[in-house]
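**Q** Next input, structure requested:
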Amino acid sequence: MKRFAFVAAAGLLAACNLLYAPAAQAQSKNEQQIRALEDNFILAVKARDLDAIMKMYVPGNELFVFDISPPRQYVGFDAYRKDWKAFLDMAKGPVHAEISDLSITTDGKLAYSHSMQHLSFTTADSSPFEFNARVTDCYRKVDGKWLVTVESVSVPVDMATGKADMASKP
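**A** Numbers count the residues shown, from 1 in each chain. Below is the predicted model:
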């Protein structure tokens, strides 16, 4: 009887592993695709390649972004593209960009991530500019490709002074 119970339990465990493995592999594949998207985004920022940057975002008016620069929000691909162009026009020479603490959660055709992103460059008037931003992205799988549909970029605010903490550290 003990042997039957052991064999039955082992069989149930094996069946559960078979059912879970495809879901885990799919999740892993989706996470890998989003990581690749984020890595390509960082490379595009470093290259100051506006078209490559915008490949990360869903086209049309579905895109919604809270960015650190005014206005309060950007609705649509074209509006956010103008924001990115203005940002890239501020920089003279190379842009240093890196992403850290990237955490990704996927579920079917929807996913979200949060990360820290560090950017630094020299402005057109030769002043150094550097900041750390908190970024939360919501993705949707469109025609088999992950794209950002909602993005929130922020920096902490010192409540005593009302000023942004552009060099925020954990």
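
**Q** dump the residue contacts of Asp83.
**A** Applying CB atoms under 8 Å, 6 or more residues apart in numbering, one finds that Asp83 lies in contact with Val65, Asp67, Ser69, Tyr74. Heads up, the C-betas are built off the backbone N, CA and C, glycines and all.

**Q** Out of the residues you listed, list just those in helices.
**A** Per DSSP state H, helices hold no members of the contacts of Asp83.

**Q** Widest-spaced pair of these?
**A** Greatest spacing in the contacts of Asp83, by CB to CB: Val65 and Ser69 (10.5 Å).

**Q** so is the residue nearest the centre of the chain in a helix, a strand, or just coil?
**A** Geometric centre of the chain, nearest residue: Asp137, 4.8 Å, by CA atoms, centre = their mean. Classification of Asp137 by DSSP: H, G, I helix; E, B strand; the rest coil places it in strand.

**Q** give me every residue that touches it.
**A** Per CB under 8 Å, 6+ apart, neighbours of Asp137: Tyr112, Ser113, His114, Val148, Val150, Glu151, Ser152.

**Q** Which of those sits closest to Lys169?
**A** So of the contacts of Asp137, ranked by how close each gets to Lys169 (CB to CB), first place is His114, at 16.6 Å.

**Q** contacting residues around the closest one?
**A** Asp101, Leu102, Ser103, Arg134, Val135, Thr136, Asp137.

**Q** wait, which of these is closest to Ala47?
**A** Val135 (18.9 Å).
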